[in-house]
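**Student:** next come a sequence and a model predicted from it.
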Amino acid sequence: MSASNFSVASKIKLPNGKLMPQIQLGLYKMSPQEAKASVQSALAVGYRGFDCAQMYNNEREAGEAIRDYLPGYHGREGDPTRLDVFYTSKLASNSKSYDTVRRSIRQSVDACGLGYIDLFLLHSPYGGREARLASWRAVEDAIDEGEVKSGGISNYGTRHLEELILAKPRHPPQVNQIEVHPFNTQTEIRATCARFTIVVEAYAPLAHGMRMKHPTIVELSKKYSCTPAQLMIRWSLQHGLVPLPKSTKRERQIENGQVGGFEISAEDMERMDGLDEKLVTDWDPTDAP
């Protein structure tokens, strides 16, 4: 992919044909107030994708910030509209009770106030096979009823992905959101996603700042005249991933989106791939039973 092809305006096509921003703002561990302010500033500098979750406890504030920014809600022709923003949320807990999950999805739609959720994910594979499949049926019906536009999963390992596909879902998962960065490359899960035509979203694409001073990252950042964060985001993009960098600071949000002025060579991509140490910066449910 050429160096000019990545910015906060870049989009990737999901298997169902819908377009999704390829650089999105992650809202993990943001207080409600931080989430609202961060979404407001990110929208102002061009972000159009926002990754939220029930567990983050900031769905309402993220939705408020989006609604406040969209004068198209108020009918002014030519202004941005709801269709210009891509909003994701996630189910806190899988349940064997289909009705419980359907209610939970509706609560997320109501909380954000955006009319529908562009992408709704099962946040983890916890709960066992029966709960995973019952929860997925609820997501499928939410799609059929227009509450959700696309469905996906998060933190699913290869076995969980195969289990879901073998169940022959009416609406196949479009996305698997997992921790991916040069220090945890997740090659096996990514290969399984490619086999099933599932887009991989990379959360913690900056490894929560834990390896910014790694000698190879510092060296390559100097070589490409970019910051370590820009280098790691660019690595994600050149692998076809959708990185979700988190920042509450406007300057960092701008920096994280300015990754179109350079291209990492194939040789240096391999060097970065070789940094893999299976580093987990938060949690790793991919082996859950």
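**Tutor:** Received it, and whenever you're ready, just let me know what you need. A quick note: this is a predicted structure, and the numbers were derived from the prediction, not measured.

**Student:** centroid residue for this protein?
**Tutor:** Among the residues of the chain, the one closest to the centroid is Glu201, at 4.7 Å (Cα atoms, centre = their mean).

**Student:** residue ranges for the helices of the stretch 101-250 of the chain, please.
**Tutor:** Taking DSSP state H, counting those that start in this stretch, the helices of the stretch 101-250 of the chain run over residues 129-144, 158-166, 187-195, 215-223, 228-238, 250-257.

**Student:** Serialize these to TSV and add fields for distance to Leu244 and mean pLDDT.
**Tutor:** Yep, even glycine has a C-beta here, placed from its N, CA and C like the rest. Output for these, formatted as TSV (distance: least, Cβ to Cβ, whole Å; pLDDT from 0 to 100):
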stretch	distance to Leu244	mean pLDDT
helix 129-144	20	98
helix 158-166	19	98
helix 187-195	15	98
helix 215-223	19	98
helix 228-238	9	98
helix 250-257	10	96
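
**Student:** about what we covered before: what residues are up against the residue nearest to the centre of the chain?
**Tutor:** Residues in contact with Glu201, defined by Cβ atoms under 8 Å, 6 or more residues apart in numbering, are Gln24, Asp51, Gly152, Ser154, Val175, Asn176, Gln177, Ile178, Leu241, Val242, Pro243, Leu244.

**Student:** mind listing what the fourth one touches?
**Tutor:** Pointing back at Ser154 there. Ser154 makes contacts with Lys90, Leu121, Leu122, His123, Ser124, Asn176, Gln177, Ile178, Glu201, Tyr203, as judged by Cβ under 8 Å, 6+ apart.

**Student:** before we move on, back to that, single out the most deeply packed of the helices of the stretch 101-250 of the chain.
**Tutor:** The highest mean neighbour count among those, using mean count of other Cβ atoms under 10 Å, belongs to helix 228-238: a mean of 24.
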